[in-house]
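Chemist: I need the structure of the sequence given here:
(2 chains)
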Number of protein chains: 2
Amino acid sequence: MRKISVLAFALFTISVSFSQTSDSLMIRQIADEILVNSKAYDNLTHLTKRIGARLSGSAGMVKSEKWGLQAMKDAGADKSWLQQCMVPHWVRGAKEELKIVSGNYKNKQLAVTALGNSSGNGPKGVIAPVIEIKSFDDLEAKKDQVNGKIVFYNYKFNPKLVRTFESYSDAGKYRYIGPTNAAKYGAAAVIVRSMSHSVDNYPHTGATASGDSIPKIASVAIGLQDADWLHNQLQSGPVSVFLKSNAHFLPDTIGHNVIGEITGSGFPDEIITVGGHLDSWDLAEGAHDDGTGVVQTIEILRAFKALGFKPKHTIRFVLFANEENGLNGGTKYAEEAKAKNEKHIFALESDAGGFAPRAFSMEGSAAQIQKMKSWIPLLQPYEVYEILTSGGGADIGPITAAYKIPGAELIPEAQRYFDYHHAKSDVLENVNKRELELGAINMAALIYLVDKYGL
Amino acid sequence: MRKISVLAFALFTISVSFSQTSDSLMIRQIADEILVNSKAYDNLTHLTKRIGARLSGSAGMVKSEKWGLQAMKDAGADKSWLQQCMVPHWVRGAKEELKIVSGNYKNKQLAVTALGNSSGNGPKGVIAPVIEIKSFDDLEAKKDQVNGKIVFYNYKFNPKLVRTFESYSDAGKYRYIGPTNAAKYGAAAVIVRSMSHSVDNYPHTGATASGDSIPKIASVAIGLQDADWLHNQLQSGPVSVFLKSNAHFLPDTIGHNVIGEITGSGFPDEIITVGGHLDSWDLAEGAHDDGTGVVQTIEILRAFKALGFKPKHTIRFVLFANEENGLNGGTKYAEEAKAKNEKHIFALESDAGGFAPRAFSMEGSAAQIQKMKSWIPLLQPYEVYEILTSGGGADIGPITAAYKIPGAELIPEAQRYFDYHHAKSDVLENVNKRELELGAINMAALIYLVDKYGL
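Modeler: Model (predicted):
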């Protein structure tokens, strides 16, 4: 045992400037406005229940863009517009099928989803034996056995990692490049264990790489219970399955970022961006991914206008297109900003679910991170406890990279996120109204502080 | 604006003793054991789905005691036993009824629940006009209008309070002493707006005072949507309702605290208690209230034994009887400890839901609170960020008061707790396996630290 001083932990936090009294009062006003008068949950109800899934290229995408533009106007945007961008148009086609064709469980159906951007395998599908692969190292070791078989990546979401996004980073590669790696060795198709800790059996989709250099093979995910079941079957002998996917791409089509703006009162040409993505996978309502980010973005605009808050800088509220399978919205936003010679100073994103907030994650210089850390006492009453440095979000990546500006992302409690992520269960009923609102409060507070003090 | 140093916040935290390396490794072992091998969710599944509701005196209570004792043995308790105590036996009787009998909505039924410990009003029920009361001040102002009417306390759960338990403290008095206060002025019955921020219409029960000094009247709760509807009807004119409740007490009966123990290796006569309560309201499965506290308690025992951890002090794992409508289990536990001249040093409780942890709340001296705060760096990786001083839990109240020892309670994220609290929706499906486990991890870590370093 040794004596250590907890004070040491504090030495990272240095003296900074903020007016604790006036800022905490302003943030309290923001919080009261949102906790009492928020439209976030009503907006989310409309987006999920009346519009529903809104994958790039779908009818839902078109409806959601129209709704989003009207929501920006209703929230009081000084200006609002659609920013056009081309988006991919991947479709699932007729329902996929995965069926056991050997042994005692012949004809047993497994719940299955095609991976986003994956290819189908024709009207006849494929029948082949399954080979279980535990990791990419395991794939290398068994590469001579893969040809003509259906590779089953059964890599578990690591339960020991408290932060579930770390489990996702760890396991996600099997979905993203697993099919490509298996195809290199002649695999007939790929089945991936879903990236989740859920206790249900829903399969979870999500983008897989769709490079042109190797043969494209049908690629699907199965739920955790079926993955464990299939693993157990394979312990007692060979298993063959019938796998059919009808997934395919249609020609690229036109999508839009939806943008609202409060024009800055002091520096109208300097822009702070806040946003979430409007598209979702096709299996559910995209409630947590990223309906909550969308309605939080609109809610911040509404609350600022309702309070009569006039930011010094221009605040852009952006509902990004096509985050899930292309990132074309975020890319377009940065390209057009550069082309128009806009000046951007900060960007903030919410795309980690509408759960109770815990932290912000920030990408920026050490001094910028320090400055944000100094604001924690102002945020803690609303449940943001720390500033992490695991980066900003996907959609703001292009704008922060193009301008070399700091970016941040709201980090909510994440134990439940991957229960619903990209699955049939990502529905309104799994969102709590007040957790959603607390996220919006902290985001609004952070924008208020960055607008006032810079970073 | 003024310069302030964030360092100032840290000056409250003083030098303390702990071995960061060995303690953080031990806590990591506890976490891994629980995240990988936990039986908490399986136990909760059994308790909620196979046993279900377990109000004092009910068949569910008896079944749950038997199950709990076996679960202690299965988890590896050195000793386990039942501690007998008398418990009240309140029953709802035949389903309550609340029906509009006037105006355009004649015969409309409202969803309703009798308040726990409340009285029924005979086979004929009562028909009377409703008078809406906004607060106890409002009751005083209208006391001359109350006689013969049904008082409708429509006091809202305060949305501005971020900590929902503060809203509960604020609004809960209308359920607890509202009926008594209304009866004093001759009210025919009482309807209470449920204590919740939920977006559904479930009515929430909970104990009301059942003093003997004033006439007992039927007392029920209605859901938030019906409360708003009734309020709106009352704006346009008088509303009369038919209200019938069949609630009543049967004679007191025998219940039990379920106790397991790991005998201390150094100071076996010095006892640390950890627990939750086994009883629940009758409307649902008592999943969050307090099935999660029960299975966390058993899980800590299981994990300690699985890891071969030998605490210096004796650790008592207690599933308390009758928290909801009497606190007879907690009271009995303290009485018997005193009668047997036991030595108690610390008590810990989980009775605020099985959500992701945020904090511990502690009752103790300034030095003891400081010492617990110094452990935050060891707990923060598992999502406990702060030590609050809002007191320990209800069940450990008698033992901490009797011995003047510190007590603590796990404080999870609380936005969802009152959505389910005492309502039909308090079911397993609203508990997340890993959030539940993270609570158990932090509780086990705290017990480990108190056992090693004292408080």
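Chemist: for residue A:93, grab phi and psi.
Modeler: For residue A:93, the backbone dihedrals are phi 70, psi -160 (criterion: degrees, to the nearest 10).
Chemist: for it, list the residues it contacts.
Modeler: If a contact means Cβ atoms under 8 Å, 6 or more residues apart in numbering or on different chains, then residue A:93 has A:120, A:245, A:246, A:247, A:248 as its contacts. Any C-beta I mention is one placed from the backbone N, CA and C, and that applies to glycine too.
Chemist: tell me the two of those that are most distant?
Modeler: Pairwise distances across the contacts of residue A:93 (Cβ to Cβ) peak at 9.0 Å, for the pair A:245 and A:248.
Chemist: what residues do the two have in common as contacts?
Modeler: Common neighbours of residue A:245 and residue A:248 are listed as A:93, A:119, A:120 (criterion: Cβ under 8 Å, 6+ apart).
Chemist: show me which positions of stretch A:257-270 end up buried.
Modeler: With burial defined by 16 or more other Cβ atoms under 10 Å in any protein chain shown, the residues of stretch A:257-270 counted as buried are A:257, A:258, A:259, A:260, A:261, A:262, A:264, A:270.
Chemist: now for those residues, which pair is the farthest apart?
Modeler: Using Cβ to Cβ, these span at most 21.7 Å, a distance reached by A:258 and A:270.
Chemist: which one is the residue in the stretch 51-200 of chain A that chain B sits nearest to nearest to, not counting chain neighbours?
Modeler: Chain B sits closest to residue A:159 of the stretch 51-200 of chain A, with a gap of 4.6 Å, by Cβ to the nearest Cβ. Spatial nearest neighbour of residue A:159, excluding adjacent residues (Cβ to Cβ, 6 or more residues apart in numbering or on different chains): residue B:35 at 4.6 Å.
Chemist: secondary structure class for that neighbour?
Modeler: helix (DSSP: H, G, I helix; E, B strand; the rest coil).
Chemist: show me how far the helix or strand hosting residue A:435 is from its chain's centre.
Modeler: Using DSSP states H and E, residue A:435 sits in helix A:433-453. Relative to its chain's centre, helix A:433-453 lies at 19 Å (Cα atoms, centre = their mean, to the nearest Å).
Chemist: would you map the helices across the stretch 251-400 of chain A?
Modeler: Secondary structure of the stretch 251-400 of chain A (DSSP state H, counting those that start in this stretch): helices located at A:292-306, A:328-339, A:366-374, A:376-379, A:397-403.
Chemist: beta-bridge partners for the closest residue to residue A:227 other than its chain neighbours, please?
Modeler: In this structure, residue A:227 finds its nearest non-sequential neighbour in residue A:193, 4.2 Å apart by Cβ to Cβ, 6+ apart. Beta-bridge partners recorded for residue A:193 (DSSP bridges): residue A:222.
Chemist: ditto for residue A:343
Modeler: Judged by DSSP bridges, the bridge partners of residue A:343 are residue A:270.
Chemist: wait, it touches residue A:270, no?
Modeler: Yes. Assessed by Cβ atoms under 8 Å, residue A:343 is found in contact with residue A:270 at 5.1 Å.
Chemist: so what's residue A:379 up against?
Modeler: A:27, A:385, A:442, A:445, A:446.
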